[in-house]
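Visitor: need the 3D shape of this:
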Amino acid sequence: MDILIFTTSVEKPEQVREVRPLLTSVPAITGWNFDLEDCDNILRIEADDISPRYIESLLKTAGFDCRELEY
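Guide: Residues are numbered from 1 along each chain as shown. I've put the predicted structure just below:
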């Protein structure tokens, strides 16, 4: 299980609801959450064998910026 962390342009709960169907439709993702109180609007994803680039492109299709953070 990998934990991936991204900075995003998702800023509001309504926007989280917009991306929820995208994230829940990916079988490899076992859990995810946003921290909208963080200045980087952090998205944390728990997944098995998934590319960070895939997540970035997934959010981009919904109109949001998303970039993996190195930790």
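
Visitor: switch to C-alpha atoms for all contacts and neighbour counts from now on
Guide: Fine.

Visitor: without its sequence neighbours, what residue ends up closest to the spatially most central residue of the chain?
Guide: Taking CA atoms, centre = their mean, the centroid of the chain lies closest to Leu43, which sits 4.4 Å from it. Excluding its sequence neighbours, the residue lying closest to Leu43 (CA to CA, 6 or more residues apart in numbering) is Phe34, at 4.5 Å.

Visitor: hang on, the one you found packs against Leu23?
Guide: No - under the criterion of CA atoms under 8 Å, Phe34 is not in contact with Leu23, lying 11.6 Å apart.

Visitor: what do the two both touch?
Guide: With CA atoms under 8 Å, 6 or more residues apart in numbering applied, the contact sets of Phe34 and Leu23 do not overlap.

Visitor: and whichever strand or helix holds the residue nearest to Leu43, what does it pack onto?
Guide: In this structure, Phe34 sits in strand 29-35 according to DSSP states H and E. Packing contacts for strand 29-35, counted by 3 or more CA pairs under 8 Å, 6 or more residues apart in numbering; DSSP states H and E, involve helix 13-24, strand 42-47.

Visitor: residues making contact with the last one?
Guide: Contacts made with strand 42-47 from outside it, assessed by CA under 8 Å, 6+ apart, are listed as 1-8, 28-36.

Visitor: pull the CA atoms of it into CSV?
Guide: Extracted C-alpha coordinates of strand 42-47, given in CSV (Å, rounded to 0.1, in the frame of the first residue of the first chain):
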residue,chain,number,x,y,z
ILE,A,42,-3.6,18.5,0.4
LEU,A,43,-5.0,15.4,-1.2
ARG,A,44,-3.8,12.1,0.4
ILE,A,45,-4.4,8.9,-1.4
GLU,A,46,-4.0,5.3,-0.2
ALA,A,47,-3.6,3.0,-3.1
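
Visitor: how far is the strand holding Phe34 from where the chain is centred?
Guide: 7 Å (CA atoms, centre = their mean, to the nearest Å).

Visitor: pairing partners for that strand, with directions?
Guide: Within its sheet, strand 29-35 is paired with strand 42-47 (antiparallel), according to DSSP bridges.

Visitor: all good on my end, thank you.
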